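**Student:** quick one: sequence and predicted model below, then my questions.
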Amino acid sequence: MTDHAERFALLLHQGADALRPGDAISPAIVPSSIFHLPGSPEAPFQYGRYGNPGWTRLEEALGSLEGGEAVIFPSGMAAIAAVLFSQLKAGDRVLLPSDGYFVARALAERFLAPFGVTAELRPTRAFADGGFGGLRIVWMEVPSNPGLDVCDIPAVVTAAHAEGALVVADTTTLTPLGLRALDHGADVVVAAGTKAINGHSDALMGHVAARDPAIIEAVRTWRKYSGSISGPFEAWQVRRGLETLEVRYERMCRNAAAVAALLAGDRAVQAVRYPGLPGDPAHNLARAQWNAFGFMVGATFEGEAAAEKFLSGCRFMAESTSFGGVHSSGERRARWGDAVAPGFVRLSLGIEPTAALIAEIERVLATL
Ligand SMILES: Cc1ncc(COP(=O)(O)O)c(C=O)c1O
């Protein structure tokens, strides 16, 4: 039995040992801003901005999957902000991927720079070039979104730790099923639960995971003081979504592999990026370090018109931003200003039956 099989089985029976006859198997949503707090304020729950039983349940589940302790936030960006703002001080330098999720860079440039924190940028593929001397945080995105490039995580970790830097990995696109970055030496994992962890595109969530209690204490305190908190309902929704992550993920990755192979052999597609394709620049590292190749595929069509025709023509492709849902989705990333070709489309493959999805994509490709 693999390690994550046991973790998932445990997750499905989380809390069972505390059940008394007649208790609900589905955990309760506790919509309370206040808790019974007579006399001493020492209690598991004190106030709605400090904690909620539903947060704890989700954090225990995520912590078990990541192999550390987890703290939830109301979105992936809130988790990213919690790490940056709790770990950096004036005069610090942070290295971010120039080809990663653009809002993380924008946050650092707009709101950290005025406090004297310098953000430096490097492409993921050449992330270790130039070394990590003098950096406080080395921030990887594995793989980079949307280009799906990779860097060698243990090599970055060893070199960055030798310089005294903290290593953070955003593993949103892989989820802890695809990559447990803490096991590869990263100090901190951040991820948007908004995507595959919840998986149904109906809630936003994020988490930070780490093994160092000082880091966990700092991000928890950031949450408490900044008020960057999730609602009890969203925490319940995302924990429920998590219960099916393992089965969803398997189908999503299988669909991505099938779609990538189809696109790679089609004359209407100029280039395909999928770490699972043997010729992909990310393939060797991904095969060595990840547990799965993921559910995202990058495809470059001749231009904007062909890409839009592909997206709008496909009945099983939601035209939306974001990714990781049960429904396949896609968009042209150039529309957000990412440094990609106008005909580059980022696809996130969902759980549609593979044969139906492939037949539909074949039909649409024949119209291009
Ligand atoms: C890699 C990555 N990290 C973080 C985020 C932010 O997540 P959220 O939209 O939940 O704030 C995103 C959003 O697309 C993302 O792609």
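**Tutor:** Yep, that arrived.

**Student:** make sure Gly330 is indeed in a strand.
**Tutor:** Yes: counting by DSSP: H, G, I helix; E, B strand; the rest coil, Gly330 falls inside a strand.

**Student:** what residues does stretch 355-367 touch?
**Tutor:** Residues from elsewhere that reach stretch 355-367, judged by C-beta atoms under 8 Å, 6 or more residues apart in numbering: 255, 258-259, 262-263, 266, 268-269, 309-310, 313-316, 328, 349. The way it works is simple: take the backbone N, C-alpha and C, and place the C-beta from them, glycine included.

**Student:** next, Ala106: secondary structure please.
**Tutor:** At Ala106 the chain is in helix, as set by three-state DSSP.

**Student:** report pLDDT for the nearest residue to Arg125 once chain neighbours are set aside.
**Tutor:** Excluding the flanking residues, the one nearest Arg125 by C-beta to C-beta, 6 or more residues apart in numbering is Asp149, at 4.8 Å. The per-residue pLDDT reported for Asp149 equals 96.

**Student:** offset the numbering so it begins at 9, please.
**Tutor:** Fine by me, first position is 9 from now on; the one you just mentioned is Asp157.

**Student:** where does Asp157 land in three-state SS?
**Tutor:** Three-state call for Asp157 (three-state DSSP): coil.

**Student:** any idea how far Ala211 is from the residue of the stretch 9-158 of the chain found nearest the ligand?
**Tutor:** The ligand sits closest to Gly84 of the stretch 9-158 of the chain, with a gap of 2.4 Å, by C-beta to the nearest ligand atom. Distance, Gly84 to Ala211, by C-beta to C-beta, to the nearest Å: 12 Å.

**Student:** Tyr58 now?
**Tutor:** For Tyr58, the distance to Ala211 - C-beta to C-beta - is 21 Å.

**Student:** between these two, which one's more packed in?
**Tutor:** Ala211 (22 against 14; other C-beta atoms under 10 Å).

**Student:** just give the number of residues close to Glu327.
**Tutor:** 12.

**Student:** what residues does the stretch 109-258 of the chain put near the ligand?
**Tutor:** Tyr109, Glu149, Asn153, Asp178, Thr180, Thr181, Ala200, Thr202, Leu212, Gly214 (C-beta under 6 Å from any ligand atom).

**Student:** would you turn those into TSV with secondary structure, pLDDT and neighbour count?
**Tutor:** Below are those laid out as TSV (DSSP: H, G, I helix; E, B strand; the rest coil; pLDDT from 0 to 100; neighbours: other C-beta atoms under 10 Å):
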residue	secondary structure	pLDDT	neighbour count
Tyr109	coil	95	21
Glu149	strand	97	25
Asn153	coil	91	26
Asp178	strand	98	29
Thr180	coil	98	25
Thr181	coil	97	26
Ala200	strand	98	29
Thr202	coil	98	25
Leu212	coil	98	21
Gly214	strand	98	27
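
**Student:** between those, which is nearest Met304?
**Tutor:** Nearest to Met304, judged by C-beta to C-beta, of these is Thr181 at 5.5 Å.

**Student:** show me what contacts the closest one?
**Tutor:** Val150, Pro151, Asn153, Leu156, Lys203, Ala204, Gly302, Met304, Phe331, Gly332.

**Student:** the last one against Ser356, yeah?
**Tutor:** In other words, Gly332. Yes: counting by C-beta atoms under 8 Å, Gly332 touches Ser356, with 6.0 Å between them.

**Student:** any common contacting residues for the two?
**Tutor:** In contact with both Gly332 and Ser356: Phe303, using C-beta under 8 Å, 6+ apart.

**Student:** got the contact list for the closest residue to Gly142 other than its chain neighbours?
**Tutor:** With C-beta to C-beta, 6+ apart as the criterion, Gly142 has its nearest non-adjacent residue at 5.9 Å, and that residue is Arg101. By C-beta under 8 Å, 6+ apart, the residues touching Arg101 are Val125, Thr126, Ala127, Glu128, Gly142, Leu143, Arg144.
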